[in-house]
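Following is a predicted model, sequence given first.
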Amino acid sequence: MFGLFSTRPTLPSTPAPTLRLHNNLTGTLEEFSPLTPEAVTMYTCGPTVYDYAHIGNLRSYVFADTLKRTLIHFGYEVKHTINLTDFGHLSDDGDAGEDKMMKGLKREGLPVSLSAMRELSDRFITAFKSDIESLRILPPTTWARASDYVEMQIRLIETLEGKGYTYETRDGVYFDISKFPTYGKLGNIDLNALRSGARVDINEEKRHPADFAVWKKGLLGWDSRWGKGFPGWHIECSAMAIATLGKSIDIHTGGIDHIHTHHNAEIAQSEAATGKQFAHFWLHNEFITIDNTKISKSLHNGITLRHLLDLGFTGDDYRYWLLTAHYRSPVNFTIEALRGAKQALYRLKRHVFEEYRGVKAEPDETILDRFATLIGNDLDTPGALALVWEVVKSDSLTKTQKYGTLLAIDSVLDIGLSDNPEDGARSLGIIAKHELPLDVQALVDEREAARVARNWPLADHLREALNLKGYSIEDTPQGPRVSKAT
Ligand code: AMP
Ligand code: ZN
């Protein structure tokens, strides 16, 4: 692994690979350079914690993690915030639809109160963090929980009001997009089409259909000068990004569904309040479908990581499968495809945990440069995985080079190749001979003796005896490999 500030020697004719990212603000691939040399600031829109995250949601966080690890690989320190929306997020990202947290309270038979919301979200925050851990996602520098930042959100709304960007209605306070002439610049939103295509009704007091609530009045919530209520969903991200990372941040991530409303709203609020450019790079992951169908609560097809773990898959299997596609490609999930990923990863891990046990690790710099070129090309994870296989199959690299290179690559992909080989082999169900019960060890030895003596009927008979005891045996150039039969 190398860093931007490391002293790795490079030949003048081979410049160090650069990091280029697809910035949705400009719609182009841009070379990344941070706002300040100290640390890259990165904000990721987090989950609404009213239910388990589905595997589509989790793509957003594996993508952000890959980006963060890539930045670290390129020598940057990363200051990262993920928010946790624990109140008042409507199921539609405009101002319509049912409030997701209310939906969660109803589902769980909990009363409608701030403390019940806290209780509900505590539960799903724990579940979310456990998913994050299973997927080997590095925890952010700050988990920003919306209900802990209400004060900042109210202050931000007051600033916007003071600068004339908002107007009050009977049901809330709205951001007036006509006061922010570049509204909709992310993704080039056509505001005229929005106006003509707007549904009648919603809220007659709104001046433009794209104006959005920064405060919602209600019987429940926090006190403010506009009465009791909740901050709007969009203001939460602006307030927490500014509070935890500063007025101008390097990178903002989220799923593509956020571009249209949520992220344009974040830009408008933040920039109107601070007078500074909010995020310099905007990156978004594409969506996952399941069996070619959109993931939707109403279709009840929102598979969770828990479902996959119950089926015998691991977080690594899902992470590997995700990395086989580029984050900006839509992908379709099927159990068969995940099974394929599991098999490939099993072969890879078996190779690493068996072949490199006790081997020194020294990366091959030429291959690492190729890796940096691939991952630095807007996170080409499919290309990086192909390179992993090339390393494994290489005839020219030594074991020491192979292991060192794979470990360095795994610091970005983190599919578990860097696990301690003994623990790793155990996690694959492979058992070292000395860890086997004595009677099983004896059967293994007898079978090996029969095999060497070419007594095939006896060797087969002993294999069956091992199977009956719940073990499977495989002959390898390093000797018999015993695993727990699955
Ligand atoms: P939410 O909790 O609805 O705000 O979603 C959390 C994250 O998951 C957001 O970044 C969404 O853009 C993202 N997301 C939602 N559905 C999918 C999907 N099917 N595939 C990929 N990302 C998704
Ligand atoms: Zn957000």
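The structure has been received and is ready for your questions. Ligands and ions are numbered 1, 2, ... in the order given.

Which of the helices and strands in this protein ranks last by mean pLDDT?
Here the helix or strand of the chain ranked lowest by mean pLDDT, DSSP states H and E is helix 191-196, holding a mean of 68.

And the next helix or strand past that helix?
strand 212-222 (DSSP states H and E).

Tell me the strands beside the next helix or strand after that following strand, with direction?
Using DSSP H and E, the next helix or strand after strand 212-222 towards the C-terminus is strand 229-231. Strand 229-231 sits in its sheet next to strand 212-222 (antiparallel), going by DSSP bridges.

buried ones in the partner strand?
Neighbour counts using 16 or more other CB atoms under 10 Å place 212-217, 221-222 of strand 212-222 among the buried residues. (C-beta placed from N, C-alpha, C; glycine too.)

Looking at those, spot the one nearest L21.
Checking the buried residues of strand 212-222 against L21 with CB to CB, the nearest one is F212 at 27.7 Å.

JSON lines please, covering the buried residues of strand 212-222 and showing distance to P111 and pLDDT.
Shown next, in JSON lines, are the buried residues of strand 212-222 (distance: CB to CB, whole Å; pLDDT from 0 to 100):
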{"residue": "F212", "distance to P111": "29", "pLDDT": "94"}
{"residue": "A213", "distance to P111": "24", "pLDDT": "94"}
{"residue": "V214", "distance to P111": "27", "pLDDT": "96"}
{"residue": "W215", "distance to P111": "24", "pLDDT": "96"}
{"residue": "K216", "distance to P111": "20", "pLDDT": "93"}
{"residue": "K217", "distance to P111": "21", "pLDDT": "93"}
{"residue": "G221", "distance to P111": "15", "pLDDT": "90"}
{"residue": "W222", "distance to P111": "18", "pLDDT": "94"}
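
how about CSV for the residues you listed, with distance to ligand 1 added?
Formatted as CSV, the buried residues of strand 212-222 follow (distance: CB to the nearest ligand atom, whole Å):
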residue, distance to ligand 1
F212, 16
A213, 17
V214, 18
W215, 20
K216, 17
K217, 23
G221, 20
W222, 21
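
Let's see stretch 230-241 as PDB, backbone CA atoms only.
Output of stretch 230-241 as PDB, limited to C-alpha atoms (Å, rounded to 0.1, in the frame of the first residue of the first chain):
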ATOM      1  CA  PHE A 230     -40.200  18.800  13.600                       C
ATOM      2  CA  PRO A 231     -37.400  20.100  11.400                       C
ATOM      3  CA  GLY A 232     -37.900  18.900   7.800                       C
ATOM      4  CA  TRP A 233     -35.800  15.900   6.600                       C
ATOM      5  CA  HIS A 234     -33.600  17.900   4.300                       C
ATOM      6  CA  ILE A 235     -32.500  20.500   6.900                       C
ATOM      7  CA  GLU A 236     -31.300  17.700   9.100                       C
ATOM      8  CA  CYS A 237     -28.500  16.700   6.700                       C
ATOM      9  CA  SER A 238     -27.400  20.300   6.000                       C
ATOM     10  CA  ALA A 239     -27.300  21.100   9.800                       C
ATOM     11  CA  MET A 240     -25.400  17.900  10.700                       C
ATOM     12  CA  ALA A 241     -22.900  18.100   7.800                       C
END
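
So it, near ligand 2 or not?
Yes: Stretch 230-241 comes into contact with ligand 2 (CB under 5 Å from the ion), by way of C237.

is ligand 1 contacted by that stretch?
No: under the criterion of CB under 6 Å from any ligand atom, stretch 230-241 makes no contact with ligand 1; the nearest approach is 8.7 Å.

Switch the buried residues of strand 212-222 over to CSV; also include distance to T126.
As requested, the buried residues of strand 212-222 are arranged in CSV below (distance: CB to CB, whole Å):
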residue, distance to T126
F212, 31
A213, 30
V214, 30
W215, 30
K216, 27
K217, 32
G221, 24
W222, 24
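
What is the most widely separated pair among these?
Farthest pair in these (CB to CB) is F212 and W222. Separation: 19.0 Å.

got the contact list for E474?
480-481, 483 (CB atoms under 8 Å, 6 or more residues apart in numbering).

For ligand 1, give me its nearest residue in the stretch 201-350 of the chain.
Going by CB to the nearest ligand atom, ligand 1 is nearest to G255 of the stretch 201-350 of the chain, at 1.9 Å.

give me the number of residues near that residue?
If you count neighbours by other CB atoms under 10 Å, G255 ends up with 18.

May I have the predicted confidence score for it?
Looking at G255, its pLDDT reads 97.

That one bridge partners, please.
Residues in beta-bridge contact with G255 (DSSP bridges): N285.

Help me confirm that it comes into contact with W282.
No: if you go by CB atoms under 8 Å, G255 and W282 don't touch, sitting 12.0 Å apart.

Could you break this protein into its assigned domains?
The chain resolves into domains spanning 32-285, 299-427, 430-484 when parsed by automatic domain parsing.

can you redo the ones you listed as CSV with distance to L25?
Listed next are the domains of the chain as CSV, based on distance: least, CB to CB, whole Å:
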stretch, distance to L25
domain 32-285, 5
domain 299-427, 14
domain 430-484, 48
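
all strands of the stretch 351-486 of the chain, in order?
430-431, 471-476, 479-484 (DSSP state E, counting those that start in this stretch).

Pull the contacting residues for I288.
Contacts of I288 by CB under 8 Å, 6+ apart are 55-56, 59, 295, 330-333.

Return the member of the residues you listed nearest to L105.
I295 (22.6 Å).

nearest to ligand 2, of the strands of the stretch 351-486 of the chain?
Judged by CB to the ion, the one of those that comes nearest to ligand 2 is strand 430-431, at 43.2 Å.

Check which helices and strands the closest one is in contact with.
helix 335-355, strand 479-484 (3 or more CB pairs under 8 Å, 6 or more residues apart in numbering; DSSP states H and E).

and those, which one is worst for confidence?
Lowest mean pLDDT within the helices and strands packed on strand 430-431: strand 479-484, at a mean of 84.

Next, report how far that strand is displaced from the centre of its chain.
35 Å (CA atoms, centre = their mean, to the nearest Å).

again, but for stretch 354-367
For stretch 354-367, the distance to the chain centre is 28 Å (CA atoms, centre = their mean).

Just the endpoints, please. Distance across that stretch?
Chord length of stretch 354-367, first to last residue, is 22 Å (CA to CA, to the nearest Å).

For it, give me every contacting residue.
So stretch 354-367 is in contact with 1-2, 8, 387, 391, 397, 399-408, 421-422, 425, 430, 476, 478, 481, going by CB under 8 Å, 6+ apart.

what's the answer for stretch 296-305, then?
So stretch 296-305 is contacted by 51-56, 58, 131, 134-135, 290-291, 293, 295, 315, 318, 333 (CB under 8 Å, 6+ apart).

Need the buried ones from those selected in PyMOL.
To isolate the buried ones among the contacts of stretch 296-305 in PyMOL, judged by 16+ other CB under 10 Å, type:
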select buried, resi 51+52+53+54+55+56+58+131+134+135+290+295+315+318+333
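
which of the contacts of stretch 296-305 are close to ligand 1?
Among the contacts of stretch 296-305, the ones lying near ligand 1 by CB under 6 Å from any ligand atom are 56, 295.

Count the residues that sit near the residue nearest to D211 when sequence neighbours are not counted.
Using CB to CB, 6 or more residues apart in numbering and skipping the chain neighbours, the partner closest in space to D211 is Y174 (4.6 Å). Neighbourhood size, Y174 [other CB under 10 Å]: 24.
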